[in-house]
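> Got a predicted structure plus its sequence, pasted below:
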Amino acid sequence: MSIESFFDHRCDIYHVIEDSQSPGFALPASPSFSYPAEPDEANVACHFAVKSFSHTIEQTQPANEYDAKIKLTLPIGTDIRRNDKIVELKTGLEYTAMQPRNVRGHHLFVFIQRTDAQKPL
């Protein structure tokens, strides 16, 4: 069994862009961060894995927040960086990447967390 058969999901990867804009009135520029409209890495083969013991539920108003430690496995050579936005193509859910790890030149893995966009109202 090859590693390529393990990648049963698809995702898009967006690299964070830093921009600095001055608010005017001779004030110094402050950095702002955003993501491009088009993905930097499109339709990438990957695998999303959630460990059964890493779930947390926080009781908040008006709804509870569900959080899980999700491990994303990618082919070697995929350009993924810390704070990149990952969009799972099947569900449309957005995640933010932690520090990527190279596993002996064989594949990459990165822990990801759901962004605030998916949290309840």
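Yep, that arrived.

> can you list the weak-confidence ranges in the chain?
Across the chain, the ranges flagged by pLDDT under 70 are 1, 51-58, 60, 63-67, 115-121.

> List the residues that contact the residue most central in space within it.
The centroid of the chain falls nearest to T96 when counting by Cα atoms, centre = their mean (3.1 Å). Residues near T96 by Cβ atoms under 8 Å, 6 or more residues apart in numbering: N83, D84, K85, I86, I112, Q113, R114, T115. (Each C-beta comes from the backbone N, C-alpha and C, glycine too.)

> of these, buried ones?
Among these, those buried by neighbour count (16 or more other Cβ atoms under 10 Å) are D84, K85, I86, I112, R114.

> Would you mind giving the residues you listed as JSON lines with distance to D8 and secondary structure added?
Shown next, in JSON lines, are the buried ones among the contacts of T96 (distance: Cβ to Cβ, whole Å; DSSP: H, G, I helix; E, B strand; the rest coil):
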{"residue": "D84", "distance to D8": "21", "secondary structure": "coil"}
{"residue": "K85", "distance to D8": "21", "secondary structure": "strand"}
{"residue": "I86", "distance to D8": "16", "secondary structure": "strand"}
{"residue": "I112", "distance to D8": "17", "secondary structure": "strand"}
{"residue": "R114", "distance to D8": "20", "secondary structure": "strand"}
